[in-house]
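1. Just the structure for this:
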Amino acid sequence: MSNLTSYPIYQILINTLRIRRNIMQQARLFLLFSLISVLLAPSMAVAQTTTIAPEAKLSVSIYNPEKTQAWSLNYSEPARLSQVISDSITTQMQNNLSIQGSHFYTDQIYWPGSSLTTGAAPQNKSTVLKAIDQLVDKEPTSFALKASLRANERWIANNILHQRELIPLDFDAIRLNRKLNPLLNGEYHLYLPNRPSDILVIGATQKPTLLRWQPRLSARNYLDKTALIDNHQKDYAAVIQPDGTVEQHPIAYWNKNHMDIAPGATIYIGYNDLPGDYLSLNQEMIKLLRNKVL
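-> As a prediction, this is how the structure comes out:
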């Protein structure tokens, strides 16, 4: 019997089957490659937004609760606040585990005291420090007032460093409300502190003082524990809550009304009887202290 494959019709059939098999193999490879690309796409996108790049459009320094160490996130394009916070939490988790050998949990973050600041100094810092200098050097004020102002000046110079963006940083609220989730561009510092155990009293005192926070204590209670100078305001004190909200708390006997103070808050007790050119100093100090970070 002759070999059937020698007939042209069989050659055509064999070639057709070979071509079909090659096409099916190529189709399988294409589908496999497409599936891998889809699966890797999200992680590749994250890597691109958090990779350090010299031409980064957004740079964020993340500080640990002690403010002793910072890590950087760099983005090649502007990013939403929610993404920056999410990436910051992930970075802090990874660094805690690799450096300290401990776990970091989001419930450790004191969201009311979390802060986002720019890289620039507060807008009115130089104005306040200049006013204090002039008031101490040129005005006939008491020794106690001069000493108090100098103590505040030193504290402000060392602790109020950057302009704070007074926006809520509660992660859940930001994700649910687009108006609270701005697009960030430029240089920022992000602080995600633990809940503090103290409050600050500053202003018409002998020196800025940290006091242990206690529930249900009023501004009057804290001031009673502080060395005030004689020319302090007697009726109200400004309380700057950890999120930067300013409240006027009654401190006199005639207007007694309890108002809560959160851990990490600042109590500013104003100066009385300032010279006419410096009447705005109290308000400028309050405005400046809103930039305090925990």
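
2. where exactly do the strands run in the stretch 51-200 of the chain?
-> 58-63, 70-75, 79-80, 115-118, 183-184, 186-191, 198-203 (DSSP state E, counting those that start in this stretch).

3. pLDDT weak spots in the chain?
-> In the predicted model of the chain, residues 1-56, 69, 96-105 satisfy pLDDT under 70.

4. what do you get if the cut-off is 50, keeping everything else the same?
-> Within the chain, the ranges that satisfy pLDDT under 50 run 1-7, 23, 27, 29-54.

5. okay, the strands of the stretch 51-200 of the chain in TSV with distance to I109 next?
-> Just so you know, the C-beta spots here come from the backbone N, C-alpha and C atoms, and that holds for glycine as well. Formatted as TSV, those follow (distance: least, CB to CB, whole Å):
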stretch	distance to I109
strand 58-63	12
strand 70-75	15
strand 79-80	18
strand 115-118	12
strand 183-184	19
strand 186-191	10
strand 198-203	18
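
6. Out of those strands, which one sits most buried?
-> Highest mean neighbour count of the strands of the stretch 51-200 of the chain: strand 198-203, a mean of 22 (counted as mean count of other CB atoms under 10 Å).

7. Distance from the chain centre to stretch 118-127, please.
-> How far stretch 118-127 lies from its chain's middle: 16 Å, per CA atoms, centre = their mean, to the nearest Å.

8. residues of that stretch that come out buried?
-> Neighbour counts over stretch 118-127 (16 or more other CB atoms under 10 Å) mark 122, 124-125 as buried.

9. Just the helices from the protein, written as ranges.
-> Ranges of helices in the chain, per DSSP state H, are 8-50, 81-95, 125-138, 143-159, 171-176, 219-223, 281-289.

10. Which other helices and strands does the third one contact?
-> The elements that helix 125-138 packs onto, with contact taken as 3 or more CB pairs under 8 Å, 6 or more residues apart in numbering; DSSP states H and E, are helix 143-159, helix 281-289.

11. Next: the shortest one.
-> Helices and strands in packing contact with helix 219-223 are listed as strand 198-203, strand 236-240, strand 246-250, strand 266-269; criterion 3+ CB pairs under 8 Å, 6+ apart.

12. Many thanks, I have nothing further to ask.
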